[in-house]
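I would like the atomic coordinates for the input below:
(2 chains)
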Amino acid sequence: MAAPIDTGLEFFRQVLELRAYRQEILSADIANASTPGFKAVDLDFTGALGAANARRPGADAPATPKRAWLVDDARHLAGGAASAVDVSPEYIKYQTGTEVTLDGNSVDLDHEKVTAADNAVQYEAAATFASQIVRMMMVAITGSSSQQSGGG
Amino acid sequence: MSLFGTLSIAGSGMSAESERLSAIASNIANANSAGAGQAYRAREVVFQAAPINADADDTSQAGMTGVRVAAVVESSAPTHTVYDPSSSFADANGYVQMPNVNPVDEMVNMISAQQDYQANLEAFNVAKTLAMRTLSI
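You can find the predicted model right below:
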């Protein structure tokens, strides 16, 4: 029995979710760059991805899927595991080493911009890898890659 | 989806910063608005971190905070008086009360607001690009 068809995609789904979440945290820092008392936070991406992978349901997934999919045969793919990424608060950490202004704000705008740009590139990279996996599946299904359009 | 939250957060930042900019514009425009009894007092916006969706059912997603203008307060800096007996606002001794607007403060504040607005716009555009990229997987 071959591996489930979404084996590779599932990993990149988690990566994309976490990258998007980190982008959200960084943009919250940027939005609050002038808010008195606001402390900049960041996502520990490596730790969060490791935790998400550890939680990932493997071959021993629960028999009853979380969602009511139309499964009338035990060999059908089970649903579930498509819920939004859930990040434990322990991976959201206060940024240290930045200058705290007189009004108690610790957002370093330049640092946030650079981190957000880096995160965006990583997101695009993960999206490209996900595209490649889709393309590989299309090659396996159709026997040639010329019939696959889109992706990138 | 997180990317739409990013758009909301950056949007809240942009609207808060533009409110700050309009307060600054109001202050600069009224830098010489003498009043009969009470001169114009400089306005200042107070920012506050605020969750972008109030009905968030999961508390696990800490850090999802936008920004909002909590209040617009009047500056407590003292107004100054000038001697101008010909003004229609002059009191019995010929003194006119002038606003407590400090143009230098306002200009510095404006530069800061502009930079913050641009940073929010950048975050918005990046989130938009990433969302479009996701559509093409």
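
What residues of the lowest-mean-pLDDT helix or strand in chain A count as buried?
Taking mean pLDDT, DSSP states H and E as the measure, chain A has helix A:45-55 as its least confident helix or strand, at a mean of 87. Buried residues in helix A:45-55, counting neighbours by 16 or more other Cβ atoms under 10 Å in any protein chain shown, are found at A:F45, A:A48, A:L49, A:A51, A:A52. Using the backbone N, CA and C atoms, a C-beta is placed for each residue, glycine as well.

what about stretch B:81-93, start to end distance?
By Cα to Cα, to the nearest Å, the extent of stretch B:81-93 from end to end equals 11 Å.

wait, I meant stretch A:99-113
Where stretch A:99-113 begins and where it ends lie 16 Å apart, using Cα to Cα.

what does it contact?
Stretch A:99-113 is contacted by residues A:26, A:29-30, A:32-40, A:94-95, A:98, B:115-116, B:119, B:122 when judged by Cβ atoms under 8 Å, 6 or more residues apart in numbering or on different chains.

Might you report the residue contacts of B:A71?
By Cβ under 8 Å, 6+ apart, the contact set of B:A71 is B:V45, B:V46.

Now do it against chain A, distance only.
Note on B:A71: its distance to chain A, by Cβ to the nearest Cβ, to the nearest Å, is 12 Å.

Am I right that B:G66 sits in a helix?
No. Secondary structure of B:G66 (DSSP: H, G, I helix; E, B strand; the rest coil): strand, not part of a helix.

okay, which residue of chain A is out on the far edge from center?
Centroid-distance maximum for chain A: A:L102 at 35.4 Å, with Cα atoms, centre = their mean.

Look at that residue and tell me its secondary structure.
coil.

related to what we said a few turns ago, need the buried residues of helix A:45-55 in a markdown table with distance to B:I24, can you?
A markdown table is the format used below for the buried residues of helix A:45-55 (distance: Cβ to Cβ, whole Å):
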| residue | distance to B:I24 |
| --- | --- |
| A:F45 | 38 |
| A:A48 | 40 |
| A:L49 | 43 |
| A:A51 | 45 |
| A:A52 | 44 |
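
Taking chain A, what residue is nearest to chain B?
Closest to chain B within chain A is A:A31: 3.1 Å, counting by Cβ to the nearest Cβ.

What's the separation between that residue and A:Q23?
Computed with Cβ to Cβ, to the nearest Å, the distance linking A:A31 and A:Q23 is 12 Å.

which residues do those two both contact?
Contacts common to A:A31 and A:Q23, judged by Cβ under 8 Å, 6+ apart, are B:A123.

Looking at these two, which is more packed in?
A:A31 (35 against 27; other Cβ atoms under 10 Å in any protein chain shown).

got the phi/psi numbers for B:V108?
Dihedral pair for B:V108: phi -60, psi -40, per degrees, to the nearest 10.

low pLDDT regions in chain A?
Scanning chain A for pLDDT under 70 picks out A:1-5, A:56-86, A:145-152.

Tell me where it has strands.
When secondary structure is read from DSSP state E, chain A shows strands at A:41-43, A:92-94.

residue nearest the centroid of the chain?
Just going to use chain A. By Cα atoms, centre = their mean, chain A has its centre lying nearest to A:E17, at 2.4 Å.

should've been chain B
B:R20 (1.2 Å).

Tell me the secondary structure of that residue, please.
Three-state assignment for B:R20 (three-state DSSP): helix.

List the buried residues in the one helix or strand B:A49 maps to.
Per DSSP states H and E, B:A49 falls inside strand B:43-51. Neighbour-count burial for strand B:43-51 flags B:R43, B:E44, B:V45, B:F47, B:Q48, B:A49, B:A50, B:P51 (criterion: 16+ other Cβ under 10 Å).
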